[in-house]
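Trainee: got a predicted structure here, sequence first:
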Amino acid sequence: MDDLRKLAEAATPGPWKFDDDAMGCRAIKGGKSGSHKQAQYTEIAYTVGLSNDERDRANAAYIAACSPDRILNLLDVVEASKHLRYCTEVLLQGTPHAGHTEATAKAVEALRTALAALEAEQKERTP
């Protein structure tokens, strides 16, 4: 997962969006610059043509949904879950010490934070 994190961190920042214009051009855009409504996005990928292929639309929408910000949030949830699982196993073995209890509390907080980021991002994307 480290390689996926490095790729996501190096990519154009998200969120990404999918544009489908009347001429059949489909673009995935991200990295919005500027704060006004007409701010420019960087084109990540695009197709040109008069195709109305539903699979092209579905693929483009999927790629846009997998923007680096979303992938990084998901990786944070996975990492926090792994750490929480380890801490829980230690506690269940009956040999915890104060450090394990503190580590478990930190893992729970990291998981809450990562899940809250995912939920906020989802609300932002939902029209």
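Mentor: Structure received.
Trainee: just the strands in this protein please.
Mentor: Applying DSSP state E to the chain gives strands spanning 17-20, 26-33, 40-47.
Trainee: quick one: the last one to chain centroid distance?
Mentor: This means strand 40-47. Chain-centre distance of strand 40-47: 18 Å, with Cα atoms, centre = their mean, to the nearest Å.
Trainee: now do the second one
Mentor: Counting by Cα atoms, centre = their mean, strand 26-33 is centred 15 Å from the centre of its parent chain.
Trainee: next: the shortest one.
Mentor: Relative to the centre of its chain, strand 17-20 is centred 17 Å away, using Cα atoms, centre = their mean.
Trainee: elements contacting it?
Mentor: For strand 17-20, the packing partners by 3 or more Cβ pairs under 8 Å, 6 or more residues apart in numbering; DSSP states H and E come out as strand 26-33, helix 54-65. Every C-beta, even on glycine, is put in place using the N, C-alpha and C of the backbone.
Trainee: do you know the pLDDT at Thr88?
Mentor: Thr88 is assigned 73 on the pLDDT scale.
Trainee: do you know how far it is from Glu102?
Mentor: The gap separating Thr88 from Glu102 is 14 Å, by Cβ to Cβ, to the nearest Å.
Trainee: need the helices and strands packed on strand 17-20 in TSV with mean pLDDT and mean neighbour count, can you?
Mentor: Listed next are the helices and strands packed on strand 17-20 as TSV, based on pLDDT from 0 to 100; neighbours: other Cβ atoms under 10 Å:
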stretch	mean pLDDT	mean neighbour count
strand 26-33	75	18
helix 54-65	80	14
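Trainee: could these go into JSON lines alongside distance to Gln122?
Mentor: Below are these laid out as JSON lines (distance: least, Cβ to Cβ, whole Å):
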{"stretch": "strand 26-33", "distance to Gln122": "17"}
{"stretch": "helix 54-65", "distance to Gln122": "11"}
